[in-house]
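*Asks:* could you work out the structure for the sequence below:
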Amino acid sequence: MIARVIEYSAKNPFIVLLGVFFLSAWGYWAVIKTPLDAIPDLSDVQVILYTEWPGRSPNLVEDQITYPIVTSMLGAPKVKYVRGASDFGVSYVYVVFQDGTDIYWARSRVLEYMSKIAGKLPENVNPILGPDATGVGWVYEYALVDESGKHDLAELRSFQDWYLRYQLQAVPGVAEVASIGGFVKQYQVNVDPNKLLAYNIPFTRLTQAIRMSNNDVGGSSIEMSEREYMVRGRGYIRSLEDLEVIPVGLGRNGVPVLLRDVATISLGPEMRRGVVELDGRGEVVGGIVIMRYGENALNVIDRVKAKLNEIKPSLPEGMKIMTTYDRSDLILRAMATLKEKLIEVTIVVSLVSMIFLFHFRSALVAILSLPLAILLSFIAMYYLGLTSNVMSLGGIAIAIGAMVDAAIVMIENAHRRLESVGAQHAAPLQGPERTRIIIDAAKELGKPLFFSLLIITISFMPVFTLEAQEGRLFKPLAFTKTFAMFFASLLSITLVPLLMVYLIRGRITPAEKNPINRFLIVLYEPVARWLLRFRGWVITGAVALFVITIPVFLRLGSEFMPPLNEGTILYMPTALPGISITKATQILQQQDALLKQFPEVERVFGKIGRAETSTDPAPLSMAETTITLKPEEQWRPGMTWDNLISEMDKAVHLPGMPNIWWM
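*Replies:* Take a look at the predicted model:
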């Protein structure tokens, strides 16, 4: 079968080249469409249920909301496990599904099961689904600042919540834009209980009166002058004065008691559970752009930046938007490094092929087939939903050396045959005889070479049995290596024989006349003869070396993921539970000011507590400070990554807050 494929390919160049052209165009399209990211997404298939019940204690939230939701979700199909967390006034339920489950199918099942327990939850409590995003969806963060003094934190937060957030949420690929920091403006009614008692007005009547007064109502219609007019009552509260004149009861002689008679009404901030700070200079308002599941991170970030540039001219005077985290820098640097290494490996393989084959046109056979196999592997990557990242492209880099093996061996076999036949002729062979010799040489080794490449291909099959996070980390590498080797095997029996027929021309230099081969043979032959003469000692020495490595192997450290220098550091100190928002803000600013003093630091974006999103359950005692570093060319002489972390750890060490430095 393989021999027939080789002969057919060599004799039908138009069909083979046409197929290669269309597959290459398909591969180029897949390269453009394949999402880019720095690392594989290691998060589970997860659906978050976020429920607010303001003012309730964690125990009550646990009993009335978290427990009923968790128990109901345990029976949903393909659910691996369900976790619940209860905080003051907030419930988080994480429904984790089996690997491979479609995220939108999972969200539909959660909604289906939630409809069964709607009546079991407290009145006016409505659980909502978290965004269709994963744990690595925080791709871009920004700070909204005012350095002119014209806008306070309440105005900045209002602009973020009612204008900027909605503009960015409309960007394709954005699942949610979370706000944090500043002050959420709130109408506050501070009731005097003594006055309620004096007027004999229960508190429930007060809340009911406010609720009923903040409402529009519609009536019927009336006809006047041959026209119809709709009757409606406009009752939405628009100012403090509207609240003040709400009637809440009757006093003596039927005089209405107004809300201002029993309470003090004012504008004030909502209770805060999160704060952000910039460069140790004071509080700001922050925004977190969360990417939708399966999107191209680089494209989403580029679209967000374009939208921000479009918005900036319309910002109120004095307001500025400052980028505090941008993953596109990491993605571009990771891709640039991998492209550089892929090019280097390709060049080295090409040079080695030319040096040892000692025939430039023959080496072109292997050189041309290499990028085509890489290009075709992106087709499988795209349809399997893999992203171009460090691991997936690393699999291609690992496979490059083995991908050209078949082509080189087939070329050498053709050279050997042409040499043996050409030695009987004064001039190099031409025409049908040369073509027949090349095809026979390819057919002779086609089958064993094809299956040898397939054996290398399936050598990574055990990796596909990995599950959970280790599977999500290593499977992209195994997939890309496997597909790169598969397409190299396919090209070795289709395109390579065709290229051999057209490119192996002219006089072929025998291998023993290649000066490099002759030099290596001189070095290798006596060593090989000595090893074969004393084979018992050689085997004993090899076994002894293997035994010596066992204790060394057992003492090696282990780490799930190697440290990733992404140009930013995540500083995560934790305080004792119960810290106040005032003290947390003070500590955050002190830490940021100390970190900003380092000349290698470009920006410090401090966050403590949680943002207004279900993807951030951080308590007020947890800080997450993003430190953006300058390019290493601007660092102090001799400064390294580890030394910088060590200096920061010594400089920022507050009592009761242990330091954690992470990627």
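*Asks:* from here on, contacts and neighbour counts on C-alpha atoms
*Replies:* Noted.
*Asks:* flag the shaky bits of the stretch 551-663 of the chain, pLDDT-wise.
*Replies:* By pLDDT under 70, the weakly predicted segments of the stretch 551-663 of the chain are 557-563.
*Asks:* would you map the strands across it?
*Replies:* For the stretch 551-663 of the chain, the strands defined by DSSP state E, counting those that start in this stretch cover 568-571, 601-609, 625-629, 661-662.
*Asks:* tell me the most buried of these?
*Replies:* Comparing the strands of the stretch 551-663 of the chain by mean neighbour count (mean count of other C-alpha atoms under 10 Å), strand 601-609 comes out on top with a mean of 25.
*Asks:* centroid-nearest residue for the chain?
*Replies:* Taking C-alpha atoms, centre = their mean, the centroid of the chain lies closest to V136, which sits 4.5 Å from it.
*Asks:* correct me if wrong: that residue contacts D41.
*Replies:* Yes - V136 lies in contact with D41 (C-alpha atoms under 8 Å); the separation is 6.6 Å.
*Asks:* so for L556, which of the strands of the stretch 551-663 of the chain sits nearest?
*Replies:* strand 661-662 (21.8 Å; C-alpha to C-alpha).
*Asks:* elements contacting the closest one?
*Replies:* The helices and strands touching strand 661-662, judged by 3 or more C-alpha pairs under 8 Å, 6 or more residues apart in numbering; DSSP states H and E, are strand 568-571.
*Asks:* neighbouring strands for the strand it packs on, and are they parallel or not?
*Replies:* strand 625-629 (antiparallel), strand 661-662 (antiparallel) (DSSP bridges).
*Asks:* of those, which is nearest G401?
*Replies:* Once the strands paired with strand 568-571 are compared by C-alpha to C-alpha, strand 661-662 is nearest, at 34.7 Å.
*Asks:* re earlier: now tabulate the strands paired with strand 568-571 in a markdown table and tack on distance to H151.
*Replies:* Output for the strands paired with strand 568-571, formatted as a markdown table (distance: least, C-alpha to C-alpha, whole Å):
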| stretch | distance to H151 |
| --- | --- |
| strand 625-629 | 25 |
| strand 661-662 | 34 |
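*Asks:* P77: which of the ones you listed is closest?
*Replies:* strand 661-662 (35.9 Å).
*Asks:* dump the strands of the stretch 551-663 of the chain to a markdown table, plus distance to V276.
*Replies:* Shown next, in a markdown table, are the strands of the stretch 551-663 of the chain (distance: least, C-alpha to C-alpha, whole Å):
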| stretch | distance to V276 |
| --- | --- |
| strand 568-571 | 14 |
| strand 601-609 | 4 |
| strand 625-629 | 9 |
| strand 661-662 | 19 |
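*Asks:* how about these, which one is nearest T435?
*Replies:* strand 568-571 (58.8 Å).
*Asks:* chain center to the closest one: distance?
*Replies:* 16 Å (C-alpha atoms, centre = their mean, to the nearest Å).
*Asks:* and for stretch 435-445?
*Replies:* Worked out by C-alpha atoms, centre = their mean, stretch 435-445 lies 48 Å from the chain centre.
*Asks:* may I see the buried residues of it?
*Replies:* Applying a neighbour-count criterion of 16 or more other C-alpha atoms under 10 Å, one finds T435, I437, I438, I439, D440, A441, A442, K443, L445 buried in stretch 435-445.
*Asks:* tell me which helix or strand the fifth one sits in.
*Replies:* Just to be clear, that refers to D440. helix 431-458 (DSSP states H and E).
*Asks:* next SSE after that helix?
*Replies:* Helix 431-458 is succeeded, C-terminally, by helix 468-492 (DSSP H and E).
*Asks:* so that next one versus helix 431-458, what angle?
*Replies:* 170 degrees (axes from the mean of the first three to the mean of the last three C-alpha atoms, to 10 degrees).
*Asks:* and helix 468-492, what does it pack against?
*Replies:* Using 3+ C-alpha pairs under 8 Å, 6+ apart: helix 468-492 touches helix 360-383, helix 390-403, helix 405-422, helix 431-458.
*Asks:* nearest to K312, of those?
*Replies:* Here helix 390-403 is closest among those (C-alpha to C-alpha), at 34.2 Å.
*Asks:* who are the packing partners of the closest one?
*Replies:* Helix 390-403 packs on helix 327-357, helix 360-383, helix 468-492, going by 3+ C-alpha pairs under 8 Å, 6+ apart.
*Asks:* for the shortest one, C-alpha coordinates in CSV please.
*Replies:* This file holds the C-alpha atoms of helix 360-383, laid out as CSV (Å, rounded to 0.1, in the frame of the first residue of the first chain):
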residue,chain,number,x,y,z
PHE,A,360,22.3,21.3,-1.6
ARG,A,361,19.4,20.3,-3.8
SER,A,362,19.0,17.0,-1.9
ALA,A,363,19.0,18.9,1.4
LEU,A,364,16.1,21.1,0.0
VAL,A,365,13.9,18.0,0.1
ALA,A,366,14.1,17.8,3.9
ILE,A,367,14.1,21.6,4.3
LEU,A,368,10.9,22.1,2.3
SER,A,369,9.0,19.3,4.0
LEU,A,370,9.7,20.6,7.5
PRO,A,371,7.7,23.9,7.5
LEU,A,372,4.9,22.2,5.6
ALA,A,373,4.5,19.6,8.4
ILE,A,374,4.5,22.3,11.0
LEU,A,375,1.9,24.3,9.1
LEU,A,376,-0.4,21.3,8.7
SER,A,377,-0.3,20.5,12.4
PHE,A,378,-2.1,23.8,13.1
ILE,A,379,-5.1,22.4,11.3
ALA,A,380,-5.6,19.8,14.0
MET,A,381,-4.8,22.3,16.7
TYR,A,382,-7.5,24.6,15.6
TYR,A,383,-10.2,22.0,15.4
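*Asks:* so how far is that helix off the chain centroid?
*Replies:* Per C-alpha atoms, centre = their mean, the centroid offset for helix 360-383 relative to its chain is 28 Å.
*Asks:* okay, the angle between that helix and helix 327-357?
*Replies:* 150 degrees.
*Asks:* kindly report the same for the last one.
*Replies:* Interaxial angle of helix 468-492 relative to helix 327-357 (the same axes, to 10 degrees): 40 degrees.
*Asks:* pull out the buried positions in helix 468-492.
*Replies:* In helix 468-492, counting by 16+ other C-alpha under 10 Å, buried: 469, 471-492.
*Asks:* follow-up on the earlier one: figure out which of the strands paired with strand 568-571 is closest to I6.
*Replies:* So among the strands paired with strand 568-571, strand 661-662 is nearest, using C-alpha to C-alpha, at 53.7 Å.
*Asks:* tell me how far the closest one lies from the chain's centre.
*Replies:* 18 Å.
*Asks:* then stretch 275-290?
*Replies:* 22 Å.
*Asks:* only C-alpha atoms, please: export that stretch in CSV.
*Replies:* Backbone C-alpha positions of stretch 275-290 (Å, rounded to 0.1, in the frame of the first residue of the first chain) are rendered in CSV as follows:
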residue,chain,number,x,y,z
VAL,A,275,-10.1,48.7,47.7
VAL,A,276,-7.5,49.4,45.0
GLU,A,277,-4.5,51.7,45.2
LEU,A,278,-1.9,52.9,42.6
ASP,A,279,1.8,53.4,43.2
GLY,A,280,1.4,54.2,46.9
ARG,A,281,-0.2,57.6,46.1
GLY,A,282,-3.7,56.8,47.2
GLU,A,283,-6.9,55.1,46.3
VAL,A,284,-8.2,54.8,42.7
VAL,A,285,-11.1,53.0,40.9
GLY,A,286,-10.1,49.8,39.1
GLY,A,287,-11.6,47.7,36.3
ILE,A,288,-10.9,44.1,35.5
VAL,A,289,-11.6,42.8,32.0
ILE,A,290,-12.6,39.2,32.0
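*Asks:* show me the shaky parts of the stretch 301-450 of the chain.
*Replies:* In the stretch 301-450 of the chain, residues with pLDDT under 70: 357-359, 420-431.
*Asks:* ok, what's across the strand from E223?
*Replies:* Bridge pairing for E223 - DSSP bridges - gives E228.
*Asks:* burial count for it?
*Replies:* Using other C-alpha atoms under 10 Å, E223 has 9 other residues around it.
*Asks:* what's the answer for M403, then?
*Replies:* 28.
*Asks:* that one touches A488, doesn't it?
*Replies:* Yes - at 5.5 Å, M403 counts as touching A488 under the criterion of C-alpha under 8 Å.
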